[in-house]
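In: Take a look and give me a structure for this.
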Amino acid sequence: MESSTRREWLAASLGAAVAARLTFADTSDDLTSLTLKQASDRIRSKKVSPVELTEACLDRIKTYNPKINAWITVMRDKAMAQAKELEKEQKSGNFRSPLHGIPIGIKDSIDTAGTRTTAASAVYEYRFPQEDAEVVRRLKAAGAILIGKCNMHEFDAGATSAVSYWGPVRNPWNLDKVAGGSSGGSAAAVAMNNCFAALGTDSGGALRTPSAYCGVVGFKPTYGRVSLRGIIPFSWSLDHCGPIARTVEDAAMVLQQIAGYDHVDIDSADKPVPDFSSAIGAPVTNFRIGVPVQFFDHLDDEVAKAIEDAIEVLNKITKGSHDVSMPSLLRAGAVGEIAAYHENLRGVNGGGYEPSTARVFPTAQDATKAVDYIRGWRELQLIRRTVNADIFEKQNVDVLIAPTARHAAPTVEEVLVTTPAGGGGGRGGGGGRGGAAPTTPAAPTESTPARSDPEENTRPFNGYGLPAITLPCGFSKDGMPIGLQISGPRFGELNVFALAYAYQEATDWHKRKPPLQPDTKVPVLSKSASEQTGG
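Out: Numbers count the residues shown, from 1 in each chain. Next up is the predicted model:
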C-alpha cells in the first residue's frame, strides 16, 4: 500500500514537473521570442493559437511601450476579435497563408479602416480612414492580425522618429538613443518582440535606417512592387512600403503577401511576383558583389570594421567583390510632390506641425516651379530605366553592398536640441529630401556635419528604385547595432534575399536581443528638447 502511494506521489510529482516545464515554454515572452516562421509553423501544427500569440504580444506592448513609445494606437479589441475568428479557422484546418494568426504592426501613415491614422501629427489627430490601404487589405486577406499603429517621425519629415506629436520613439538597445526614422516605431516594436513583423515606408531610408539602428531586418522592395494606395505620402515618386522583421526569412514571408500589381495605384508595376521563399537557402557561390566606393566615406571606425568583416565573410561564400560606381542623381528628384500633398494641410483640425517639421516643409514649398519638377522627374525616370544596365550588366555584378548608416544612432536629446530640422537627416537643404536634389546627400558643413544625415547611404536607392535590405552585421563598443545593406537589380529581390540569408546564416548577429528590462528608467528630456516634440 505504501509502495503504491509512493509510486503515485512520484508520478504526480513528475507530471507536475513536466507541466511546469510546458507552462514555462509557453510563457508570453517565450512565444513572442519566436521568429515569424517559427510562430507560423506552430500555428499550422496547432501547437499554439492566434489568440495565444496575440495575447502574448499585447502583454509585451503593455510592459515595454511605456519605455520605447513605439505605438500610437494599440488595436486590442479588434486584434482579439480577429484572433478569435482566425482560431476558429485554424481548428477547422483552414489556413489562409503562412501569416495566418500572426500579429503584425502597421506604421501610422498606412490607412486602417475605422482606426485612427495620424502620421504622428496633430494635423491628423482625428483622422479615421474609411478604407484600408491596399497592403492592409492584403494582410487581412492573408490572415495576419493587425495589432496596432506604430509611432513614426511626423509626416516622414525626418530620419530619427524623435519628432512626433505622440512623443519620441526610443531605441530598445539604449533608451537615450533614437530608433531611426521615419518608421522608428515599427523597428523598435519588432526588436522588442511586440509583434512578429511590421510594415514601414521608405522614401530615403525611412525603413532601413531604423531597422539598422534597432538591430532588425528591413526590406525596401523595387519601386512599384508594393502598392502605395492608402498610404500617406512623403514623395510619391520616391515612396516604398515594405516589411520589418527579425530575420531575412520572415521579411520574405511578409513581402510575399503584400507584393503585387494594383491597377488603381498609378505607380504600381504590372510584374509577376516570384516566390520569395525560393531565395531562402539558394546558392550564392556564383554571386559577384559590387562595392560602391562613395558609400564608404567618413565611416565611424566601428562601422568601418563591421563592414570590413562582413565583406570578408561575403567574399568567402561568393565569387568575391570589386569596386563599382553609381549613376549621379544630382539632377533627379521630385521635390514638388512634397509641397503638393501638404499645400492645404496646415491647420487642419486645428492642429499644426511639430516645430521642426514646420521648418522642413516651407523649403519644399519654395521648390515647386513646374519646370524644375518636370526636369527632375524625367531624369529620375531615365535613371530607373537604365540603372540595371549601367550598374549590374556593364560592371559585371549581381548585388551591391554598403553600410546602411555611416554613423551610430545619435541620442534623442542631441537630435532635438542641436539638429536644425529636429533630426530631419538633411531634408531641409539642397541635398535633403526637402531640397532640390532629394536623392543626393547634402555636403557636410560646420553647422550640419556629415553624421547629421542618417540617410546618406540609403537615399540613393530610392532614386534608383532598387530593392534593398538591411540586416545586422555587428555592434559598436557601447552595444548599438550596425547594419549591412544589400541591393540588387530592379525586380531582383530574389538575389537580395539569397545573399542576405546566406550572410545571416554565416553569422550570429541577428540572434542578439536588446537588454531593455521592465524596470529600466526612461531618460528625461531637457526642457529645450521637449519643446521640439509632443513628448
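In: low-confidence ranges in the stretch 351-500 of the chain?
Out: Filtered on pLDDT under 70, the stretch 351-500 of the chain yields the residue ranges 351, 362-368, 419-452.
In: Strands along that one, start to end?
Out: 399-403, 468-475, 481-487 (DSSP state E, counting those that start in this stretch).
In: List the residues that contact the spatially closest residue to residue 250 that is not a sequence neighbour.
Out: What sits nearest to residue 250 in space, not counting adjacent residues and going by C-beta to C-beta, 6 or more residues apart in numbering, is residue 36, at 3.8 Å. Glycine gets a C-beta too; all of them are placed from N, C-alpha and C. Residues counted as contacts of residue 36 (C-beta atoms under 8 Å, 6 or more residues apart in numbering) are 99, 102, 196, 197, 245, 246, 247, 249, 250, 253, 254.
In: mind checking pLDDT for the first one?
Out: Among the per-residue scores, residue 99 holds a pLDDT of 98.
In: didn't it look like it was pressed against residue 252?
Out: No: contact between residue 99 and residue 252 fails when scored by C-beta atoms under 8 Å: they sit 11.7 Å apart.
In: about what we covered before: and of the strands of the stretch 351-500 of the chain, who's closest to residue 128?
Out: The minimum distance between residue 128 and the strands of the stretch 351-500 of the chain falls on strand 468-475, with 32.9 Å, by C-beta to C-beta.
In: Need the residues that contact that closest one.
Out: So strand 468-475 is contacted by 208-209, 211-212, 215-220, 248, 251, 302, 305-307, 309-310, 404, 458, 461, 481-488, 496-497, 500, 503-504, 507, 509-510, 512 (C-beta under 8 Å, 6+ apart).
In: List phi and psi for the residue nearest to residue 250.
Out: Main-chain dihedrals, residue 36, degrees, to the nearest 10: phi -60, psi -40.
In: tell me which element the residue nearest to residue 63 when sequence neighbours are not counted falls in.
Out: Among residues not flanking residue 63 along the chain, residue 518 sits closest, at 5.3 Å (C-beta to C-beta, 6+ apart). Using DSSP states H and E, residue 518 is not contained in any helix or strand.
In: roughly how far apart are residue 518 and residue 92?
Out: Residue 518 sits 38 Å away from residue 92, going by C-beta to C-beta, to the nearest Å.
In: what does residue 144 give?
Out: Residue 144 sits 19 Å away from residue 92, going by C-beta to C-beta.
In: Which one of these two is surrounded by more residues?
Out: A direct count of neighbours by other C-beta atoms under 10 Å for residue 144 and residue 92 places residue 144 higher, at 31 against 8.
In: Can you verify my assumption that that one contacts residue 98?
Out: No: between residue 144 and residue 98 there is no contact under C-beta under 8 Å: 9.7 Å.
In: Now do the SS call for residue 326.
Out: Using DSSP: H, G, I helix; E, B strand; the rest coil, the structure places residue 326 in coil.
In: so the closest residue to it other than its chain neighbours bridges to which residues?
Out: Excluding the flanking residues, the one nearest residue 326 by C-beta to C-beta, 6+ apart is residue 292, at 5.0 Å. Counting by DSSP bridges, residue 292 is bridged to residue 324.
In: who's in contact with residue 292?
Out: Going by C-beta under 8 Å, 6+ apart, residue 292 touches 323, 324, 325, 326, 400, 402.
In: from those residues, which single one is nearest residue 353?
Out: Nearest to residue 353 among the contacts of residue 292 is residue 402, at 32.4 Å by C-beta to C-beta.
In: give me the low-pLDDT residue ranges for the stretch 1-150 of the chain?
Out: Along the stretch 1-150 of the chain, the model assigns pLDDT under 70 to residues 1-28.
In: which residues in it form strands?
Out: Secondary structure of the stretch 1-150 of the chain (DSSP E, counting those that start in this stretch): strands located at 71-74, 103-107, 145-150.
In: just so I know, which of these lies nearest residue 353?
Out: Proximity to residue 353 (C-beta to C-beta) singles out strand 71-74 among the strands of the stretch 1-150 of the chain, at 16.3 Å.
In: residue nearest the centroid of this protein?
Out: Centroid-nearest residue in the chain: residue 207, 3.5 Å away (criterion: C-alpha atoms, centre = their mean).
In: gap between that residue and residue 78?
Out: The spacing between residue 207 and residue 78, counted by C-beta to C-beta, is 24 Å.
In: Can you name the residues that contact the nearest residue in space to residue 49 that is not next to it in sequence?
Out: Nearest residue to residue 49 in three dimensions, chain neighbours excluded: residue 87, at 4.9 Å (C-beta to C-beta, 6+ apart). For residue 87, the contact set (C-beta under 8 Å, 6+ apart) comprises 49, 50, 51, 101.
In: do the same with residue 271
Out: If you count contacts by C-beta under 8 Å, 6+ apart, residue 271 has them with 224, 225, 261, 491.
In: Same check on residue 489?
Out: Contacts of residue 489 (C-beta under 8 Å, 6+ apart): 387, 388, 391, 392, 398, 466, 495.
In: Out of the residues you listed, which sit inside helices?
Out: Secondary structure defined by DSSP state H assigns 387, 495 of the contacts of residue 489 to helices.
In: sec struct for the nearest residue to residue 380 once chain neighbours are set aside, please.
Out: Spatial nearest neighbour of residue 380, excluding adjacent residues (C-beta to C-beta, 6+ apart): residue 332 at 4.1 Å. Following three-state DSSP, the label given to residue 332 is coil.
In: how close does residue 332 sit to residue 233?
Out: Distance from residue 332 to residue 233, by C-beta to C-beta: 18 Å.
In: Next: residue 354.
Out: 18 Å.
In: which of the two has more neighbours?
Out: More neighbours surround residue 354 than the other of residue 354 and residue 233, with 26 against 20 (other C-beta under 10 Å).
In: Thought residue 164 was touching that one, still the case?
Out: Yes: contact criterion C-beta under 8 Å: residue 354 and residue 164 qualify, at 7.3 Å.
In: correct me, but residue 79 touches residue 146?
Out: Yes: between residue 79 and residue 146 there is a contact under C-beta under 8 Å: 6.4 Å.
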